[in-house]
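J.: Got a sequence here, can you build the structure:
(4 chains)
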2 protein chains.
Amino acid sequence: MNRPEAQLLRPIERVPLRASLVDALRQMIVEGSLKPGEKINERALCESFGVSRTPFREAINLLAAEGLVAVTPHRGAAVTPITLDELEEVFPVLCALEALTGELAAQKASDAEIGAIERLHGEMLAHYEARDRAAYFRLNEAIHGALYEAAGNPTLTRTALSLGFRLRRARYQANLTETRWTAAVTEHEAFTAALKARNAGLLARLLREHLENKLRAVRMALLEEA
Amino acid sequence: MNRPEAQLLRPIERVPLRASLVDALRQMIVEGSLKPGEKINERALCESFGVSRTPFREAINLLAAEGLVAVTPHRGAAVTPITLDELEEVFPVLCALEALTGELAAQKASDAEIGAIERLHGEMLAHYEARDRAAYFRLNEAIHGALYEAAGNPTLTRTALSLGFRLRRARYQANLTETRWTAAVTEHEAFTAALKARNAGLLARLLREHLENKLRAVRMALLEEA
DNA sequence: GCGACGCGGTTTGAATACAAAATACAGATG
DNA sequence: CATCTGTATTTTGTATTCAAACCGCGTCGC
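T.: Now for the predicted structure:
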């Protein structure tokens, strides 16, 4: 028989159209190609994706459950607008989840996982020094993703990510000031250390504060815009 | 013109099939008519609901997002089995949300809302004394629902409810012992008082503990069964 | 007799078709 | 001229159809 080639023998992935559509649409919403408040034109989008309405509508309904779009019966779907109220609503929930993530991660992360996160943190620092925003963001997301992973609770991960999209969308348009950027890096420094020390209470607190600060920045940007 | 009759002039509700189906299926799953692990037969269920597969499938996908069913591509959907692991996974997340609910409710509830909850609590007590399980459960849910309402955060409510279904299903089959029942009533007594006193920290702690105790009971019942 | 293979029925995924509701628009009416 | 009303068009909700993947069973080869 053929020996397990490790890389080649894994199950080939089959993605239902609806899943790809959810991802594509979500990205469009988070990045702002579909603007907040904008009405979603089924026919046009189906056309450009080259799919029929059935899987497309399935995707829309899933995004509605996530809170990224709002569907009104017989009147179609629209991207949920970003309001300060919405932000203040999502925020405390995500905050609680972030704190929990810290607590669990400090307790349950393997040494390897901690090492990996430290490495990611190092890379991120380099991008910060080089003022490479895009790369910095990528690493930033990777780190937070790795923390969820380390907490070892898929339900927590799914819930937090789903809420996170709603914030990330706001963060995306409110771009990072230099001051905030530096502060964020310092905060990362601190909680990476807390993780390494496996100090659950501290990590939880630092992650919560990190998120709080991020919100504060986004909130200011939103206010200033209006 | 016709004067606003207050009650009669509100928008008439129009429920898409998919929404009704989500509710119906969820209830079947929570109550156990659809047993954990059981495969979901699209055609048969569509037939008995008298709907076509399109809205039915939309409903299934939504329940999958909620974690009540698992769909495997080309192999259909099945009710997610209740495992101890799953319980332990959902639990901490819900716990964090419950604590947050307590905190917010203590801060933001109107006096009227607090009064209403106290009234519900009184009613529940009566049902407890009369050993009327069904009525007790109904009031119990009403109280927790009112707490979410009082916290005034729809996102929190939605998230917590959605996770709650997964636990409630387990609780449903592990039936309340006399000891646990009495303890639960005492706990309710305590947190109702904390709410009245608007003691946010205390209410958060009590709600968390209430949930912890509930889980402990369910966990024991599950273990004993296996 | 045992296991691999292939075939048919069944079930799922996606597209199309049809029905119902909403919007847009034009004509009627005051 | 403004407003209202009725009709046409578009859009949404649901049903039906078509295609692809899966499962069970029988047959064939060893």
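J.: only C-alpha atoms for contact and neighbour calcs from this point on.
T.: OK.
J.: what sits against residue A:22?
T.: A:59-60, A:62-63 (Cα atoms under 8 Å, 6 or more residues apart in numbering or on different chains).
J.: Check residue A:91 too.
T.: A:167, A:215.
J.: In which helix or strand does it reside?
T.: Element membership of residue A:91, judged by DSSP states H and E, is helix A:84-108.
J.: That helix to helix B:84-108, inter-axis angle?
T.: Computed with axes from the mean of the first three to the mean of the last three Cα atoms, to 10 degrees, the direction of helix A:84-108 lies at 140 degrees from that of helix B:84-108.
J.: Kindly report the residues of chain A close to chain B.
T.: Proximity of chain A to chain B (Cα under 8 Å from any Cα of the partner chain) is limited to residues A:14-16, A:54, A:58, A:61-62, A:65, A:73, A:89-90, A:92-93, A:96-97, A:100, A:153-156, A:159.
J.: hmm, 7 Å instead?
T.: Within chain A, the positions near chain B by Cα under 7 Å from any Cα of the partner chain are A:58, A:62, A:73, A:89-90, A:93, A:96-97, A:153, A:155-156.
J.: Stretch A:67-80: end-to-end distance?
T.: 7 Å (Cα to Cα, to the nearest Å).
J.: How about stretch A:188-206?
T.: One end of stretch A:188-206 sits 9 Å from the other (Cα to Cα).
J.: for stretch A:143-163, same thing?
T.: So stretch A:143-163: terminal residues 17 Å apart, Cα to Cα.
J.: Averaged pLDDT, the helix or strand that contains residue A:161. What do you get?
T.: Using DSSP H and E, residue A:161 maps to helix A:154-173. Averaging pLDDT along helix A:154-173 yields 91.
J.: And the helix or strand just after that helix, what does it pack against?
T.: The helix or strand immediately downstream of helix A:154-173 is helix A:178-196, counting by DSSP H and E. Judged by 3 or more Cα pairs under 7 Å, 6 or more residues apart in numbering or on different chains; DSSP states H and E, the packing partners of helix A:178-196 are helix A:200-225.
J.: which of the residues in the helix it packs on are buried?
T.: A:200-215, A:217-219, A:221-222 (16 or more other Cα atoms under 10 Å in any protein chain shown).
J.: now stretch A:80-94
T.: So for stretch A:80-94, counting by 16+ other Cα under 10 Å, buried means A:80, A:82, A:86-87, A:89-94.
J.: Closest one of the residues you listed to residue A:42?
T.: Nearest to residue A:42 among the buried residues of stretch A:80-94 is residue A:80, at 16.0 Å by Cα to Cα.
J.: for chain A, which spans come out with low pLDDT?
T.: Scanning chain A for pLDDT under 70 picks out A:1-11, A:226.
J.: Up against DNA strand C, what does it have?
T.: Contact residues (Cα under 7 Å from any atom of the strand) of chain A with DNA strand C: A:15-18, A:50-55, A:74-75.
J.: cutoff 6 Å now
T.: A:16-18, A:51-55, A:74-75 (Cα under 6 Å from any atom of the strand).
J.: Quick check on those residues: which are buried?
T.: When those are checked for burial by 16+ other Cα under 10 Å, the buried set is A:18, A:55.
J.: Select from the residues of chain A next to DNA strand C every entry located in helices.
T.: Secondary structure defined by DSSP state H assigns A:17-18, A:53-55 of the residues of chain A next to DNA strand C to helices.
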